[in-house]
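J.: Provided below for reference: sequence and predicted model.
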Amino acid sequence: GRIGLSQNEIRKMMGRIYLERCETLLYSDVLDTPEYLWYDDRYETSYQEMKEYLDFSQRIQNLHTRMEVLDDLLQLLNTLADSSHASHLE
């Protein structure tokens, strides 16, 4: 089959996925207990209940899994594009 993307486009997409993964990891600090609860823990139970209700941990894990799948697919496409380019050079 043919790959409808150039190697450059594939690599740009891989870079975007990498940046999104990093950004998701940086913003996943919502899973940590906020600093103000360290000093006044009256609301910690409410915070934990809200976190469980909104299912943050599972949602972030789902994002990571989806990004891993996209990254694997793009790496495969990149490998195919590399081998296609190499065979054209021969």
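T.: Happy to help now that I have it.

J.: Could you list the low-pLDDT ranges of the protein?
T.: Applying pLDDT under 70 to the chain flags the ranges 1, 30, 84-90.

J.: For residue 58, see how far away the spatially most central residue of it is.
T.: For the chain, the residue sitting closest to the mean C-alpha position, by Cα atoms, centre = their mean, is residue 21 at 3.0 Å. Noted for residue 21: a distance of 17 Å to residue 58, by Cβ to Cβ, to the nearest Å. For every residue, glycine as well, the C-beta is placed using N, CA and C.

J.: Okay, buried residues for the host helix or strand of residue 76 please.
T.: Using DSSP states H and E, residue 76 maps to helix 56-89. Judged by neighbour count (16 or more other Cβ atoms under 10 Å), helix 56-89 contains these buried residues: 60, 63, 70-71, 74, 77-78, 81.

J.: Next up, phi/psi of residue 11, please.
T.: Dihedral pair for residue 11: phi -70, psi -40, per degrees, to the nearest 10.

J.: contacting residues around it?
T.: Residue 11 makes contacts with residue 78, as judged by Cβ atoms under 8 Å, 6 or more residues apart in numbering.

J.: contacting residues around the residue nearest to the centre of the chain?
T.: By Cβ under 8 Å, 6+ apart, residue 21 lies in contact with 64, 67, 71.

J.: give me the element it is part of.
T.: Element membership for residue 21, per DSSP H and E: helix 7-27.
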